[in-house]
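Peer 1: predicted coordinates and the sequence they were generated for:
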Amino acid sequence: VEVRGGTYREQVTIQASGTENSRIIFKRYMDEVVTIDSENQRCWGVTVGKNNPGTTFGNYVTVDGFTVKNPWTDPVCSVSGGILVIGADNVLVRNNHIFRDDYQGYPDRYVPNDRLARGIYVMGHSNDVAVELNTVHHVWNGIGARVGSGDVGPVPPERPVFRQNHVYFVNAETDENNAQNNAAAMVFSNLVSNGTAEENVVHHGLDVAILTNENYGGHIFRNNIGYLSDMPVETAGNGPGFKTKAEYARFREKVYGNVAFLNREIGFVMNAFTFGPAIYHNTAYGNLNEGMSISGVNGDPNHDSISMNNAIFNNLRDFKYNGGNQINDYNFVGDGLVDGGNANSILGGDPKFNNLATLDQDIDGDKTPDILEPLNDYTSFLTPGGNVDTVAAIEYAQETMRDVFGLQADSPLIDAGKLIVGYHCPDSDDVNPNQENCVHWSGIAPDIGAFEYNPVQLNTFNNSQVFPTNGTILTNFVYSVNYTDSNNAPPKFVKV
């Protein structure tokens, strides 16, 4: 079903089901802007499925490419937001733009108390739902999965996937006596199990960037970027970048390859109850509390918390243990303070990241580094037809992180990590670059931190060749110019 451009003032409810080989697809027509405006009068812009366990409403449905805004927040709505998937399996929600702009002071003002709604939520017995390539902002909760309550319970979703979404300015004016206000940008909560959050860009969430809470565990956080939680102003948020809190864990939480920086509180809060998390190859920088705080469990050593190959630098305190059995080693800890383990870790020194100085450049004083300012405004990334281009925003953020936190050629973090069986590829890419279903590495051992060092193959031009046309934007080029100065000095290279 292709929908033509325009504004539709209605609640769209989809209960018909497709099949594995014949999905029902709702999408915008070409690149036209299709807006579903709830006008603060309807609980959801789009609902897929029905809260009726054991039935087949809304399975194998795709919702692709819509702008959904201003859901109703009246108490008549037990929950409300942009897009709801409830009681439907194998649903794909992709390439949508969810926000609200129906209050005075938008976009600079936080969402007021009478406008608190969600972005995209998966509730009830909804299994194998994928939420990808969406841009969500100016809501109270961004993207989440939970068992729900009232008319959206009591069975929790399983195996939700949140992939390559851009979620920002998730906030609320309520202060709850200056306590946390649960304005979470991305969350798996209330008995959800085996969810995956990967390659998301999440920032300016008041309470937390990405969270697991009160669930059965087994979640994976992989290659996400989380920054400026509870910033630029210190309000009622809790402020960490990534947090695991699987109180009823049946499976280990896995936190791999993420970057947390400039958050008001801790970069990584890794709690353990029945299973400790596995925490590999993350980078924590410039957080206003600890860079990484880990607890463990006592008992079965197979349930110990494990942290390896993480780069933790320039936080209020870099690495903190909170009891329980843990395995911590092969990390870089910038302040050199550890409570045990880490016999093979690098304690202190300069990690030699590529370009940390760019994070200090903030011309307008809003605490967002200038290099990241485009991500504060969705209009920086638009398609020719005027729709949000989430792919472009994600790629911009990922490339910026590599430019900042990638390793210089003489970094002590290169080849200083530990090969983790079942996580890394068995062989270096220097030996076999074609391995599958594993994390690649090069050199004699994996590097420490979120980014493996990879020398750029530079394109060179000398003064006997034609240079690129003026005005062309080029990256990763070094222009090699041979010249001799007035003192007949040897030729030099000029890098521009």
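Peer 2: Looks like it arrived, so ask away.

Peer 1: all strands of the stretch 251-400 of the chain, in order?
Peer 2: Here the stretch 251-400 of the chain has its strands, by DSSP state E, counting those that start in this stretch, at 254-256, 259-261, 268-270, 278-280, 283-285, 290-294, 305-308, 311-313, 317-321, 326-329, 332-333, 346-347.

Peer 1: list the buried residues for the fourth one?
Peer 2: Residues of strand 278-280 classed as buried: 278-280 (neighbour count, 16 or more other Cβ atoms under 10 Å). All C-beta spots, glycine's among them, are computed from the backbone N, C-alpha and C.

Peer 1: so where's the stretch 1-150 of the chain shaky on pLDDT?
Peer 2: Along the stretch 1-150 of the chain, segments meeting pLDDT under 70 span 53-55, 148-150.

Peer 1: now swap in the stretch 201-350 of the chain and tell me
Peer 2: 231-238, 298-299, 324.

Peer 1: now do 50
Peer 2: For the stretch 201-350 of the chain, the stretches with pLDDT under 50 are 236-237.

Peer 1: so the closest residue to I25 other than its chain neighbours is in which element?
Peer 2: Excluding the flanking residues, the one nearest I25 by Cβ to Cβ, 6 or more residues apart in numbering is T62, at 4.4 Å. Assigned by DSSP states H and E, T62 belongs to strand 61-64.

Peer 1: what packs against the very next helix or strand once past that strand?
Peer 2: Once strand 61-64 ends, the next helix or strand along the chain (criterion: DSSP H and E) is strand 67-69. Contact partners of strand 67-69 among helices and strands, from 3 or more Cβ pairs under 8 Å, 6 or more residues apart in numbering; DSSP states H and E: strand 34-37, strand 44-49, strand 81-86, strand 97-99.

Peer 1: who touches strand 67-69?
Peer 2: With contacts defined as Cβ atoms under 8 Å, 6 or more residues apart in numbering, strand 67-69 is touched by 33-38, 45-46, 82-83, 96-102, 387-388.

Peer 1: I figured D31 hits P384, correct?
Peer 2: Yes - using Cβ atoms under 8 Å, D31 is in contact with P384, at 6.2 Å.

Peer 1: between the two, which one's more packed in?
Peer 2: Between D31 and P384, counted using other Cβ atoms under 10 Å, D31 has the larger neighbour count: 13 against 7.

Peer 1: please report phi then psi for the closest residue in space to that one that isn't next to it in sequence.
Peer 2: Of all residues not flanking D31 in the chain, G385 sits nearest, at 3.0 Å (Cβ to Cβ, 6+ apart). Dihedral pair for G385: phi -80, psi -10, per degrees, to the nearest 10.

Peer 1: mind checking how far G385 is from F99?
Peer 2: 18 Å (Cβ to Cβ, to the nearest Å).

Peer 1: okay, the two: which has more neighbours?
Peer 2: F99 (23 against 12).

Peer 1: isn't that one up against H138?
Peer 2: Yes - contact criterion Cβ under 8 Å: F99 and H138 qualify, at 4.7 Å.

Peer 1: show me where the chain has helices.
Peer 2: In the chain, the helices defined using DSSP state H lie at 390-405.

Peer 1: just give me the residue right at the centre of it.
Peer 2: Residue closest to the average C-alpha location in the chain (Cα atoms, centre = their mean): N200, at 3.1 Å.

Peer 1: thinking it is in contact with R163, fair?
Peer 2: Yes - in this structure N200 lies within contact range of R163 using Cβ under 8 Å: 7.2 Å.

Peer 1: which residues of the stretch 351-496 of the chain score low on pLDDT?
Peer 2: 457-496.

Peer 1: so what's the residue count around S428?
Peer 2: For S428, the tally of surrounding residues (other Cβ under 10 Å) stands at 19.

Peer 1: what does the one 5 residues further on give?
Peer 2: The tally of other residues near P433 (other Cβ under 10 Å) stands at 11.

Peer 1: report the contact partners of it.
Peer 2: The neighbourhood of P433, defined by Cβ under 8 Å, 6+ apart, consists of H440.

Peer 1: buried set for stretch 72-82?
Peer 2: Buried residues in stretch 72-82, defined by neighbour count with 16+ other Cβ under 10 Å: 72-73, 79-82.

Peer 1: now do stretch 375-386
Peer 2: 375-376, 378, 381.

Peer 1: so how far is that stretch from its chain's centroid?
Peer 2: Centre-to-centre, stretch 375-386 and its host chain are 19 Å apart (Cα atoms, centre = their mean, to the nearest Å).

Peer 1: ok, now stretch 398-407?
Peer 2: Mean-position distance between stretch 398-407 and its chain equals 15 Å (Cα atoms, centre = their mean).

Peer 1: and for it, what are the contacting residues?
Peer 2: 199, 201, 225, 259, 283, 285, 311, 351-356, 358-359, 371-372, 413-414, 447, 449-451, 453-454.

Peer 1: returning to that earlier point: for the strands of the stretch 251-400 of the chain, give me TSV that also has distance to P426.
Peer 2: Shown next, in TSV, are the strands of the stretch 251-400 of the chain (distance: least, Cβ to Cβ, whole Å):
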stretch	distance to P426
strand 254-256	17
strand 259-261	26
strand 268-270	27
strand 278-280	16
strand 283-285	25
strand 290-294	28
strand 305-308	17
strand 311-313	24
strand 317-321	29
strand 326-329	20
strand 332-333	24
strand 346-347	25
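
Peer 1: H137 is in contact with Y106, correct?
Peer 2: No - assessed by Cβ under 8 Å, Y106 is found out of contact with H137, at 10.3 Å.

Peer 1: which of the two has more neighbours?
Peer 2: H137 (26 against 16).

Peer 1: what pairs with that one across the strands?
Peer 2: Beta-bridge partners of H137, counted by DSSP bridges, are Y168.

Peer 1: list the contacts for it?
Peer 2: Contacts for H137 (Cβ under 8 Å, 6+ apart) come out as 98-99, 166-170, 378.

Peer 1: closest to D300 among the buried residues of strand 278-280?
Peer 2: Closest approach between the buried residues of strand 278-280 and D300, by Cβ to Cβ: A278, at 14.6 Å.

Peer 1: who are the contact partners of that closest one?
Peer 2: Counted by Cβ under 8 Å, 6+ apart, A278 has contacts 252-256, 305-306.

Peer 1: quick one: it from K320, how far?
Peer 2: A278 is 18 Å from K320, by Cβ to Cβ.

Peer 1: and S345, by the same measure?
Peer 2: S345 is 14 Å from K320, where distance means Cβ to Cβ.

Peer 1: who's more crowded, the two?
Peer 2: When neighbours are counted by other Cβ under 10 Å, S345 comes out ahead of the other of S345 and K320, with 23 against 20.

Peer 1: can you count the residues close to the nearest residue to that one once chain neighbours are set aside?
Peer 2: Spatial nearest neighbour of S345, excluding adjacent residues (Cβ to Cβ, 6+ apart): N331 at 4.5 Å. Using other Cβ under 10 Å, N331 has 30 neighbouring residues.

Peer 1: just H204 next, same as before
Peer 2: So H204, with other Cβ under 10 Å, has 24 neighbours.

Peer 1: then Q398?
Peer 2: The tally of other residues near Q398 (other Cβ under 10 Å) stands at 17.

Peer 1: again with V1
Peer 2: Neighbour count for V1, taken as other Cβ under 10 Å: 9.

Peer 1: tell me the contacts of it?
Peer 2: Residues near V1 by Cβ under 8 Å, 6+ apart: 24-27.
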